[in-house]
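K.L.:
need a 3D model of the sequence below.
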Amino acid sequence: MDFSGKVAVVTGGGNGIGRATALGFARGGARVVVVDRDTVGGAETVAEIRAAGGEAIFTPADVTKSADVAAYVRLALDTFGRIDCFHNNAGIEGKIAHTADYAEDDYDAVMSVNAKGVFLGMRHVLPVMIAQSQAEGRGGAVVNTASVAGLAPSAGMVAYVASKHAVLGMTKVAAAEVGRNNIRVNAVCPGPIATRMTRDIARQVSPNNPDAVEARYSSSIPLGRYGTAEEVANVVLFLCSDLASNVTGTQYVVDGGRLSGAAGVTSNGMR
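P.N.:
Residues are numbered from 1 along each chain as shown. Down below sits the predicted model:
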């Protein structure tokens with residue numbers, strides 16, 4: 001996957017999946033704009049890219065604010081002149097509570113980052129890619145980070161599940177709108193991944209024994225383990241690459257087979 005001469009913007013690039021994707025873009029030759037409200041994590045991602053000989057800049061931003069999103073897009077254009085790849089990745093997990101007990105403020109916070117933030121990212125990046133397509137014939141590729149929670153329910157996570165369903169809906173709408181501009185829009189749906197977010201969820205579910213939560217979840221995954229941020233990043237990079245030139249408006253699940261339900265199936269097909 002060659003990204004030489006291309007510019008990639010990654011939100012939530014200060015850690016986890018976003019950091020792994022930013023590093024992957026840089027290894028492929030892209031110049032990278034790392035966006036995160038975590039200034040320490042974002043700076044560390046850029047430092048790691050530069051230490052490996054890559055080119056990257058960091059800018060802090062709140063993805064729920066249109067002015068901040070417009071600012072990181074403008075910075076990318078002012079610094080590198082274009083945006084070819086956009087990993088619209090920033091997200092939060094929110095609180096764990098049943099729907100009947102879920103606080104309205106907590107719901108609004110999750111929806112603001114995970115749904116509105118994704119919308120604002122596309123709202124400001126897609127016009128740049130459309131202009132590139134009109135001028136050069138090549139637009140770009142967008143990958144939104146959804147989740148398996150956008151495909152199946154997860155008790156206690158009403159806001160997160162709702163937000164990730166919204167991401168998948170927006171992905172399909174945008175793909176239909178900009179396909180003729182040579183712009184592809186897809187989503188990636190991670191399952192349990194070994195990141196800070198997943199550990200936080202485990203601590204909320206079982207404050208006294210979060211390791212037991214991972215063990216229980218892992219037992220339901222056919223591959224028998226959590227995925228890694230790098231494994232998700234590899235799919236994002238594929239979707240942004242020319243190898244996926246005929247792929248748009250869809251979602252790729254990266255969950256070790258968990259959604260398939262295959263973990264409980266024996267060799268003779270009986271559970």
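
K.L.:
check residue 66 and give its pLDDT.
P.N.:
Residue 66 carries a pLDDT score of 98 in this model.

K.L.:
dump the residue contacts of it.
P.N.:
Residue 66 is in contact with 120, 123-124, counting by Cβ atoms under 8 Å, 6 or more residues apart in numbering. Every C-beta, even on glycine, is put in place using the N, C-alpha and C of the backbone.

K.L.:
with adjacent residues omitted, what lies nearest to residue 138?
P.N.:
Spatial nearest neighbour of residue 138, chain neighbours left out: residue 182 (5.6 Å); criterion: Cβ to Cβ, 6 or more residues apart in numbering.

K.L.:
inside helices: which ones of the contacts of residue 66?
P.N.:
Taking DSSP state H, the ones among the contacts of residue 66 that sit in helices are 120, 123-124.

K.L.:
who wins for neighbours among the contacts of residue 66?
P.N.:
Within the contacts of residue 66, most neighbours by other Cβ atoms under 10 Å means residue 120, with 22 neighbours.

K.L.:
my understanding was that that residue contacts residue 61; is that so?
P.N.:
No: using Cβ atoms under 8 Å, residue 120 makes no contact with residue 61, being 10.1 Å away.

K.L.:
which neighbours do those two share?
P.N.:
residue 69.

K.L.:
hang on, the earlier thing: reformat the ones in helices among the contacts of residue 66 as JSON lines; add pLDDT.
P.N.:
Formatted as JSON lines, the ones in helices among the contacts of residue 66 follow (pLDDT from 0 to 100):
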{"residue": "120", "pLDDT": "98"}
{"residue": "123", "pLDDT": "98"}
{"residue": "124", "pLDDT": "98"}
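
K.L.:
and of these, the nearest to residue 148?
P.N.:
residue 120 (23.8 Å; Cβ to Cβ).

K.L.:
and that closest one, what does it touch?
P.N.:
Going by Cβ under 8 Å, 6+ apart, residue 120 touches 63-66, 69.

K.L.:
and if you look at residue 32?
P.N.:
Going by Cβ under 8 Å, 6+ apart, residue 32 touches 7-10, 13, 22, 25-26, 46, 49, 54-57.

K.L.:
and of those, the nearest to residue 33?
P.N.:
For these, the closest approach to residue 33 (Cβ to Cβ) belongs to residue 9, at 4.5 Å.

K.L.:
can you report how many residues lie near the closest one?
P.N.:
Number of residues near residue 9 (other Cβ under 10 Å) recorded here: 30.

K.L.:
how about residue 243?
P.N.:
Residues lying near residue 243 (other Cβ under 10 Å) number 12.

K.L.:
with distance to residue 154 and secondary structure as extra columns, can I get the contacts of residue 120 in CSV?
P.N.:
Output for the contacts of residue 120, formatted as CSV (distance: Cβ to Cβ, whole Å; DSSP: H, G, I helix; E, B strand; the rest coil):
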residue, distance to residue 154, secondary structure
63, 23, coil
64, 23, coil
65, 28, coil
66, 30, helix
69, 28, helix
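
K.L.:
widest-spaced pair of those?
P.N.:
63 and 66 (9.7 Å).

K.L.:
residues in contact with stretch 77-85?
P.N.:
Outside stretch 77-85, the residues that reach it (Cβ under 8 Å, 6+ apart) are 3, 6-9, 25, 30-31, 33, 57, 73, 76, 125, 128-129, 132, 138, 140-143, 240.

K.L.:
for ChimeraX, write a command that selects the buried ones of these.
P.N.:
The buried residues among the contacts of stretch 77-85 can be selected in ChimeraX (16 or more other Cβ atoms under 10 Å) with this line:
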select :3,6,7,8,9,25,30,31,33,57,73,76,125,128,129,132,140,141,142,143,240
